[in-house]
Structure formats: structure tokens, C-alpha cells
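Visitor: fold the stuff below for me.
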Amino acid sequence: MKTTKWFLGLLTLCMALFVSACNTNSDTDANSDGNNETAEAEAETKIFASESGDVEIPAQPERIVTDIYAGEFFSVGANVVGAGSWTFGNPILEEQLEDVIDIGDPVNLESVLESKPDLIVVMSDDQYEELSQIAPTIVIPYNTTTNIQDTVEMFGEIAGAEDEADSFIADFEEKAAQAREEINGVIDEGATVGIYEITDQGSFWVFGENGGRGGQALYNALELEAPESIKADIIETDEVKELSMEVVPEYAADYMFITDYNPDGTSDSLNQFTESSIWQDLEAVKNNRVFVNDFDTFYPYNPISVSHQIDLFVEMILERAEENGK
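Guide: Residues are numbered from 1 along each chain as shown. So this is what the prediction gives:
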């Protein structure tokens, strides 16, 4: 009888120890799972320091809405689901924009909601409060970066696509180097290049590196030189300037690239200018080194467009040199 009691007591003690061990393991597993979930949640977001302050954003956003930066995100392989209306006029991005929702210009909040973004990136903070209620929102003002390399790096960081950014930059720099080699000796040493625009209202503007119209391609990628007047008044101040027709010769270059802003095709501003005595007296005109370019193709300054513009400028320069018998 004593033996039986002793055995039952031992059995009860073993059962108690077993249950205790199971509970301890369960608590440990639960804590471990909790820690893993916390770490995983932390890994799924990151902090981006923006003009609107530090913003917690997805580490790798899957549905991006942006007003003007679609091309920047496309350059790093990010998925853009909504873009501003003006973006759709860019012929270089036509295929990549096929399934993208037009969110309007200015941004239409209902269209943004329809896009179901997990990240919003805009140029202005005008609608920041409303947009940030839909998804984490970053404000990146125009000209936050001033060259293609810095631009791609920043958008690669935002999209969690640093490797893709590095790859794009490497390809871009290789293309730029090859393009410089192609025009080496075709453009005379010391020759200058200027970028201009004539509008449907008859105003005439001069641009530097960061106003679109091919500035990044001509001045940064191809490393061509601007006249001193443009360097001093435009490039060094990072401004654009409207010129009266009388002072156009002061900002003229050996090679002049002019975008024609004529959105509805009814303006006669370009013809009136080319028929003027001021135009006829320009050395670039006399030497057949003026190029009139399509606004939609040359206005954009996103990395993909700039890369394409390099090819177009090289083609123009080589064809014109051949035409001029050089």
C-alpha cells in the first residue's frame, strides 16, 4: 500500500513538472513570435526625412501615386499606379503609363483614393493634410536634386530600390560617356550651347541645367558649355529668364536649341521670330546651327526622358554636321 501511494505521488509530481515545462515553452514561443512580428513590422516601414518632416513610409512601397515624379520612380523600377495629368503628355513614358490612373492636375483626391496607394509623393504641400489621410505622403519640391545621379539615388531610397538605382546610374553614365565620344571633334572646341523656348504668347526664355528642355542632357551628360551670359545669369543663379527680343543676341550661343511651346498648334510666334532681322543676324542661324524641338519630348527632366534626350541631341548634332559638310 505504501508502495502504491509512493508511486502515485511520483506520477503526480512528474505530471506537474511536464505541464510546467509545456507552459514555459508556450510562453517562450509566444514571446518569440511576438518579437518576430514586431521586428517584421519594423522592417516593413522606414523613416524618410522630407520637406514636411520625418515620414514613416513602407520600406518597399507597392502602389505609388505621384503628381510629377512618375518617370523618376520608373527609373528605379517602382510601381506607379497614379500620376498627374501632365505626365501623360510625355511620349517617352507612353508605354509605362498604360495602366496608370490619371489623378488630375491639380491632384483630385477621389482619383487618389481610387488608386489605393500605400505611398504618395508630390511636389507641393498644398494638399498635404488631405493626402496624408489617404497614405503616407512625402513632399519633394521642384529642384530638390540638381542632377540625374542624385535624383535616381533619392527615388531609389524612397522606393526601397537602391540596387535598381545603382544600375540605372551606371547605365546612364556609360551612355553619357559614349555620347560625348560620338560628338567629340564634331562640335568645335570652345563652341557654346544655349537652351531657349518660345511660347504661344510670343515670349522668349533662356534656360540652364535644371529647367528641363534638355538642360541635364546638354550641360551635364554631354558636358557642353554655355555662353558666359547664360552661365552668369542662369546657370549660376539656377534661374530661368525671359528675354526681350532686343537682348536675345547677348544670350545667343554657337548652337541654339529652342523648344516651341505651342500646345494647340495655332500660334505663329516662332514664324514671326524667325522672320525678324534679330533672328537673321544670329551667328547660329547663319551657320545653320539652330534646332527647333518638340516641347513634349524635351520639356521633361526625369531620368528616363533625359537619357532619351541624350540620344536625340547626339543624332541632331551629327546629322546637322553632315548637312553642313563637316
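Visitor: so Ile47 sits right up against Glu56, yeah?
Guide: Yes. Ile47 is within contact range of Glu56, at 5.8 Å (criterion: Cβ atoms under 8 Å). In short, each C-beta sits where N, CA and C put it, glycine included.
Visitor: quick one: the strands in the stretch 151-300 of the chain?
Guide: 193-199, 204-207, 241-243, 255-261, 290-294 (DSSP state E, counting those that start in this stretch).
Visitor: in TSV, list those strands along with distance to Ala217, mean pLDDT and mean neighbour count.
Guide: Putting those into TSV (distance: least, Cβ to Cβ, whole Å; pLDDT from 0 to 100; neighbours: other Cβ atoms under 10 Å) gives the following:
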stretch	distance to Ala217	mean pLDDT	mean neighbour count
strand 193-199	10	96	23
strand 204-207	12	96	23
strand 241-243	20	95	14
strand 255-261	10	96	22
strand 290-294	11	95	17
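Visitor: JSON lines for those, including distance to Gln272?
Guide: As requested, those are exported to JSON lines (distance: least, Cβ to Cβ, whole Å):
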{"stretch": "strand 193-199", "distance to Gln272": "9"}
{"stretch": "strand 204-207", "distance to Gln272": "11"}
{"stretch": "strand 241-243", "distance to Gln272": "15"}
{"stretch": "strand 255-261", "distance to Gln272": "12"}
{"stretch": "strand 290-294", "distance to Gln272": "14"}
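Visitor: and those: which comes nearest Gly185?
Guide: Comparison of the strands of the stretch 151-300 of the chain against Gly185 by Cβ to Cβ identifies strand 255-261 as nearest, at 14.6 Å.
Visitor: so what secondary structure elements neighbour that closest one?
Guide: Helices and strands touching strand 255-261, by 3 or more Cβ pairs under 8 Å, 6 or more residues apart in numbering; DSSP states H and E, are strand 193-199, strand 290-294, helix 295-298.
Visitor: apart from its chain neighbours, what residue comes closest to Asp171?
Guide: The shortest distance from Asp171 to any residue other than its chain neighbours is 8.0 Å, reached at Ser307 (Cβ to Cβ, 6 or more residues apart in numbering).
Visitor: against Val107, how distant is the one you found?
Guide: Using Cβ to Cβ, to the nearest Å, Ser307 is found at 27 Å from Val107.
Visitor: can you tell me how far Gly194 is from Phe257?
Guide: If you measure Gly194 against Phe257 using Cβ to Cβ, the figure is 7 Å.
Visitor: same question for Ala217.
Guide: Computed with Cβ to Cβ, the distance linking Ala217 and Phe257 is 10 Å.
Visitor: need the overlap of contacts for the two.
Guide: Both Ala217 and Phe257 are contacted by Phe313, under the criterion Cβ atoms under 8 Å, 6 or more residues apart in numbering.
Visitor: so which of the helices and strands packed on strand 255-261 comes closest to Gln178?
Guide: With Cβ to Cβ as the criterion, Gln178 lies closest to strand 193-199 of the helices and strands packed on strand 255-261, at 18.7 Å.
Visitor: and that closest one, what does it pack against?
Guide: When contacts are defined as 3+ Cβ pairs under 8 Å, 6+ apart, strand 193-199 packs onto strand 204-207, strand 255-261, helix 269-274.
Visitor: just want the angle from the helix or strand encompassing the residue nearest to Asp171 to strand 255-261.
Guide: Assigning secondary structure by DSSP states H and E places Ser307 in helix 303-323. Helix 303-323 runs at 130 degrees relative to strand 255-261, counting by axes from the mean of the first three to the mean of the last three Cα atoms, to 10 degrees.
Visitor: over helix 303-323, what's the mean pLDDT, rounded is fine.
Guide: pLDDT averaged over helix 303-323 equals 97, rounded to a whole number.
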